[in-house]
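A.B. asks: make a model of this:
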Amino acid sequence: MPALDRKWWTLIAVCTATFMLLLDITVVNVALPSIERSLHSSFSDLQWVVDAYSLTLAAFLLTSGVLGDMFGRRTIFTVGLVIFSLSSLVCGLATSSNMLNFSRAVQGIGGAAMFATSIALIATAFHGKERGTAFGIYGAVLGAAVAVGPLIGGAITSGIGWRWIFFVNVPIGVLAVFITLSKIDRSTQTNTRRVDWAGFLTFSVSLFLLVLGLVRGNYDGWGSTKILGLLIGSAVLMLAFVVAEWRQKDPMLDLTLFKSQAFNGVSFTAFTLSASIFAMFLYLTFYIQDDLGYGPFQAGLRFLPITLMMFVVSPAAGKLTVRIHSRYLLGAGLLLVSGGLLLLGTTTRSSSWTQLLPGFILSGIGVGLVNPTLASTSVAVVPFQRSGMASGANSTFRQIGIATGIAGLGAIFSHQIVTKTNAVLAATRAGQQVVHQGGSALTQAMQAGAVRQAMAAMPGPAQSVLLAAYRVGFSGTLNELLRISAVVALLGAILALALVRQKDFVPSFAGDGALAASPGAPGAPGAPGASSTEAAPGASGPEGNGEGARPDPETVVA
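C.D. replies: Okay, the predicted model is just below:
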């Protein structure tokens, strides 16, 4: 049997690492209720389990790409693998919420280093038709990570405990490091790029202050000096980031990209998709487990309709991008997501999980349409030399959407769950007594998602009254969050249709030569649906970058 070529080892290492880092975005959701009970976490603690990872992943993506240019992609990819694996071990050993969240933040740094260099490693190793095959496999792996995440998380959490969703990363990471160092060629190029420290620091701290302010707003008061200081500080630092990027000779993010309306439309699409349906996964998980009473594995099974629809629709949608204008696919997909969220927002206290089924299916189809189109369009609307930066920016907007979406929806959740539950309690004499007995401690318990702990100190009849009211309040609050998310997705659909204009697309080239297409043919410059998907058939994964056949000459070693 002939030995496997080094380029295929490169693909194996990259796909293994990327599968692992994307899995940790979705796999954690179904484990959150178990983490809450094990570490006695508050609701804001659980928000940070997801947000800490998303924030650092977003903050370090563009900088990691520059570091890959400076020190070699294999080196930065390996460093990312080591950081991710070690931080996963610490996550599994966490004895407190703070320890877990800090480790999750470090995980995001490692994930950014792997994600930012993965595309360039594949593009360097493969050429011609084989490059398309490689990116097709890569896209399928990314789709699988999103599709099976909730199920794997539920199976591990139910079977051997939530800590093992992190422990399993360690041996996989060690294997990936071995393959990378022994089978992937070291790049030998020299590069004069520099790290944009001003841009990195202002951008990262601005995001952190924004999310912290949103998470703490209900607890400290929206008009308090602390919260106003956090939000104002975030705005000032974001303005400083913009100024710093304009003045940099080699910026982390080239702001001239935003002169393209199509690039703005793609960025808004990435943000609104993540801030709506993906941010809602946290709250839907709590509904399925805490309100409906399913265990982690059973909850993972209930998420299969939406994840399978994403996985099934994405490849077909990738092929449609050479026949249908991208704006219509993006707009239609987000409209379906919006409609699916509205269908999900019809739960009542007596609803079963099947009430969610139509919304899951419709939303899954919508996400399946948007993801591959977004991946290919993000690099098709910028000059060839900026495709790598545009791809990184698109991934950054996705992570910012998840982080700010979870934080913003969480602020609304913490307020509305108290209001709606108290309204139910106030309608009966027994409920009024519960409110009187619970006092401010009960309000804090509801805001922190710790109602069941507060119930333990109450007599039996009061517990039943409070639990019934809380379930009504939770259902009503969930419906409100889903309606807000539907509006966010609808706004994204409108912006995609308005901004992603076909005239802004840059003629695409198929890595090793010009895309052979006659004028007017699907995929040809100026033809309906012209995009980079014809050149990058592997760009159909849910989180793919669509950059496969349009490698950035600044970031890909010849």
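A.B. asks: need the next SSE after the helix or strand residue 264 falls within, C-terminal direction.
C.D. replies: Secondary-structure assignment from DSSP states H and E places residue 264 in helix 261-273. Sequence-wise, the next helix or strand downstream of helix 261-273 (DSSP H and E) is helix 279-286.
A.B. asks: does anything pack onto that following helix? Which helices or strands?
C.D. replies: Contacts defined by 3 or more C-beta pairs under 8 Å, 6 or more residues apart in numbering; DSSP states H and E place helix 279-286 against helix 32-39, helix 43-71, helix 326-344, helix 387-425, helix 460-499. Just so you know, the C-beta spots here come from the backbone N, C-alpha and C atoms, and that holds for glycine as well.
A.B. asks: of all those helices, which one comes closest to residue 114?
C.D. replies: Proximity to residue 114 (C-beta to C-beta) singles out helix 43-71 among the helices and strands packed on helix 279-286, at 8.3 Å.
A.B. asks: re the thing from before, next, the angle from the helix holding residue 264 to helix 387-425.
C.D. replies: Relative orientation of helix 261-273 versus helix 387-425 (axes from the mean of the first three to the mean of the last three C-alpha atoms, to 10 degrees): 40 degrees.
A.B. asks: same question for helix 261-273, mean pLDDT?
C.D. replies: Averaged across helix 261-273, pLDDT comes to 92.
A.B. asks: so, low pLDDT: which residues of the stretch 401-550 of the chain?
C.D. replies: Along the stretch 401-550 of the chain, segments meeting pLDDT under 70 span 447-450, 452-453, 457, 507-550.
A.B. asks: run the last query once more with 90
C.D. replies: 402-408, 410-411, 413-475, 501-550 (pLDDT under 90).
A.B. asks: mind checking the SS state of the nearest residue to residue 183 once chain neighbours are set aside?
C.D. replies: In space, and not counting its chain neighbours, residue 183 is closest to residue 9: 3.5 Å by C-beta to C-beta, 6 or more residues apart in numbering. Of the three states, residue 9 takes helix under DSSP: H, G, I helix; E, B strand; the rest coil.
A.B. asks: state the distance from residue 111 to residue 14.
C.D. replies: Using C-beta to C-beta, to the nearest Å, residue 111 is found at 13 Å from residue 14.
A.B. asks: about what we covered before: which one of the helices and strands packed on helix 279-286 lies closest to residue 369?
C.D. replies: Closest among the helices and strands packed on helix 279-286, using C-beta to C-beta: helix 326-344, at 3.3 Å.
A.B. asks: centre of the chain versus the closest one, how much separation?
C.D. replies: Distance of helix 326-344 from the chain centroid (C-alpha atoms, centre = their mean, to the nearest Å) equals 18 Å.
A.B. asks: downstream of that helix, the next helix or strand is which one?
C.D. replies: With secondary structure assigned by DSSP H and E, helix 326-344 is succeeded by helix 357-380.
A.B. asks: other SSEs contacting that next one?
C.D. replies: helix 261-273, helix 304-320, helix 326-344, helix 387-425.
A.B. asks: contacting residues for the residue nearest to residue 183?
C.D. replies: By C-beta atoms under 8 Å, 6 or more residues apart in numbering, the contact set of residue 9 is 179, 183-184.
A.B. asks: please apply the same query to residue 352.
C.D. replies: residue 292.
A.B. asks: over to residue 19?
C.D. replies: 141-142, 144-145.
A.B. asks: residue 370 too?
C.D. replies: Residue 370 touches 269, 273, 317, 329-330, 333-334, 337, counting by C-beta under 8 Å, 6+ apart.
A.B. asks: recalculate using a threshold of 6 Å.
C.D. replies: 273, 330, 333 (C-beta atoms under 6 Å, 6 or more residues apart in numbering).
A.B. asks: just the pLDDT at it, thanks.
C.D. replies: What the model reports as pLDDT for residue 370 is 89.
A.B. asks: could you find the closest non-adjacent residue to it?
C.D. replies: residue 333 (3.6 Å).
A.B. asks: any idea how far residue 365 is from the one you found?
C.D. replies: In this view, residue 333 and residue 365 are 8 Å apart by C-beta to C-beta.
A.B. asks: per-residue confidence averaged over stretch 127-134?
C.D. replies: Per-residue scores along stretch 127-134 average to 71.
A.B. asks: apart from its neighbours in sequence, what residue is nearest residue 161?
C.D. replies: Nearest one to residue 161, counting by C-beta to C-beta, 6+ apart, is residue 34 at 7.6 Å.
A.B. asks: before we move on, back to that, just among the contacts of residue 9, which is most surrounded?
C.D. replies: residue 184 (23 neighbours; other C-beta atoms under 10 Å).
A.B. asks: give me every residue that touches that one.
C.D. replies: Contacts for residue 184 (C-beta under 6 Å, 6+ apart) come out as 10, 74.
A.B. asks: the same query, at a cut-off of 10 Å, please.
C.D. replies: Contact analysis of residue 184 by C-beta atoms under 10 Å, 6 or more residues apart in numbering lists 6-7, 9-14, 73-74, 77-78, 121, 124-125.
A.B. asks: count of residues packed around residue 440?
C.D. replies: Counted with other C-beta under 10 Å, residue 440 comes out at 7.
A.B. asks: next, the distance between the ends of stretch 350-357.
C.D. replies: 15 Å (C-alpha to C-alpha, to the nearest Å).
A.B. asks: got the buried residues for that stretch?
C.D. replies: 353, 356 (16 or more other C-beta atoms under 10 Å).
A.B. asks: how distant is it from the center of its chain?
C.D. replies: Offset of stretch 350-357 from its chain centre (C-alpha atoms, centre = their mean): 25 Å.
A.B. asks: please, where are all the helices along the stretch 151-300 of the chain?
C.D. replies: Using DSSP state H, counting those that start in this stretch, the helices found in the stretch 151-300 of the chain span residues 164-167, 169-183, 197-220, 225-247, 261-273, 279-286, 296-302.
A.B. asks: which neighbouring elements make contact with the fifth one?
C.D. replies: What that stands for is helix 261-273. Packing partners of helix 261-273 (3 or more C-beta pairs under 10 Å, 6 or more residues apart in numbering; DSSP states H and E): helix 326-344, helix 357-380, helix 387-425, helix 460-499.
A.B. asks: for residue 201, find the nearest of those.
C.D. replies: Nearest to residue 201, of those and by C-beta to C-beta, is helix 387-425 at 15.4 Å.
A.B. asks: quick one, what contacts the residue of the chain positioned farthest from its centre?
C.D. replies: Residue farthest from the centre of the chain, counting by C-alpha atoms, centre = their mean, is residue 429 at 45.0 Å. Residues near residue 429 by C-beta under 10 Å, 6+ apart: residue 465.
A.B. asks: how far away is it from residue 119?
C.D. replies: From residue 429 to residue 119 the distance is 64 Å (C-beta to C-beta).
A.B. asks: residue 17 too?
C.D. replies: On the measure of C-beta to C-beta, residue 17 and residue 119 end up 12 Å apart.
A.B. asks: swap in residue 434?
C.D. replies: Taking C-beta to C-beta, one finds residue 434 at 56 Å from residue 119.
A.B. asks: have a look at the two and say which one is more surrounded.
C.D. replies: The residue with more neighbours, out of residue 434 and residue 119, is residue 119; 32 against 24, by other C-beta under 10 Å.
A.B. asks: roughly how far apart are the more buried one and residue 84?
C.D. replies: 17 Å.
A.B. asks: kindly report the same for residue 343.
C.D. replies: 37 Å.
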